[in-house]
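Colleague: Need a 3D model of the sequence below.
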Amino acid sequence: MVVKTFVESSYSGMYKLTPEEGSSFYIRKDYLPEGVFERIDVGVEFSEEETDSLMDAGLTCAVELKAVGYLARAEQSRFGLTRKLIEKKYEKKYVEAALDYLEMKGYLSDLRFATAWLNTRRTNHYEGRSRLAAELASRGIARDVANTALDEFFTENDENEICRKAYEKLSKSKSGEKLTAALMRAGFSLKQIKLAQE
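Modeller: Sure, this is the predicted structure:
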């Protein structure tokens, strides 16, 4: 591959490379092996191996740009974003590399996702810690990250009060053991349920 043009793009640290043959693509130094980026210049010819590295960097940048598009709309978990990108037919190795970079830069954060998800969930659901922890786990959030987000969430939201609201809502259609079972499924302890009943 011979470089025709090489210019910095509007994306921080991303460059647009146009080869003499074929389509132009974006690259980032972080996605290239040591020493390759420094050699890029107009008229420079790259070996087949180096060309493969440049193409890999280009494909990783394409994934990064797609991922940033999703992140611009809402917080994402790494697990969920990986699934979306793979459904779009991006190769796993490029997805992993792009998401590693976005995590390192702080654009992608499972903790931020978990916090945002808990705050949104609170609007329509009355659930206890164990149910919320299970829901976060099903979204690929690691236990330690989920616990941090839940600790923060329950310092701002009284779990006993949430249980009381759940009790009020569910007692309209259930009673006795069915009500207790429903509250336990919602993640509340027997102790919390007894408090709500008082």
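Colleague: Grab the longest helix from this protein for me.
Modeller: helix 48-73 (DSSP state H).
Colleague: residue boundaries of the helices in the protein?
Modeller: Under DSSP H, the chain gives helices at 36-39, 48-73, 78-87, 92-104, 110-124, 129-138, 143-156, 159-170, 176-185, 190-197.
Colleague: Who are the packing partners of the first one?
Modeller: Using 3 or more Cβ pairs under 8 Å, 6 or more residues apart in numbering; DSSP states H and E as the contact criterion, the secondary-structure elements in contact with helix 36-39 are helix 48-73. (Glycine included, C-beta is placed from N, CA and C.)
Colleague: Can you name every helix or strand that the helix it packs on contacts?
Modeller: By 3+ Cβ pairs under 8 Å, 6+ apart, helix 48-73 packs against strand 14-19, strand 25-28, helix 36-39, helix 78-87, helix 92-104.
Colleague: and the angle from the last one to helix 110-124?
Modeller: With axes from the mean of the first three to the mean of the last three Cα atoms, to 10 degrees defining the directions, helix 92-104 sits at 80 degrees from helix 110-124.
Colleague: out of the helices and strands packed on helix 48-73, deepest packed?
Modeller: Per-stretch averages of neighbours, counted by mean count of other Cβ atoms under 10 Å, single out strand 25-28 among the helices and strands packed on helix 48-73, with a mean of 21.
Colleague: got the contact list for the residue nearest in space to the middle of the chain?
Modeller: With distances taken as Cα atoms, centre = their mean, Ser77 lies nearest the centre of the chain, 2.3 Å away. Contacts for Ser77 (Cβ atoms under 8 Å, 6 or more residues apart in numbering) come out as 110, 113-114, 139-141.
Colleague: before we move on, back to that, centre of the chain versus the longest helix of the chain, how much separation?
Modeller: 17 Å (Cα atoms, centre = their mean, to the nearest Å).
Colleague: Next: stretch 70-82.
Modeller: For stretch 70-82, the distance to the chain centre is 4 Å (Cα atoms, centre = their mean).
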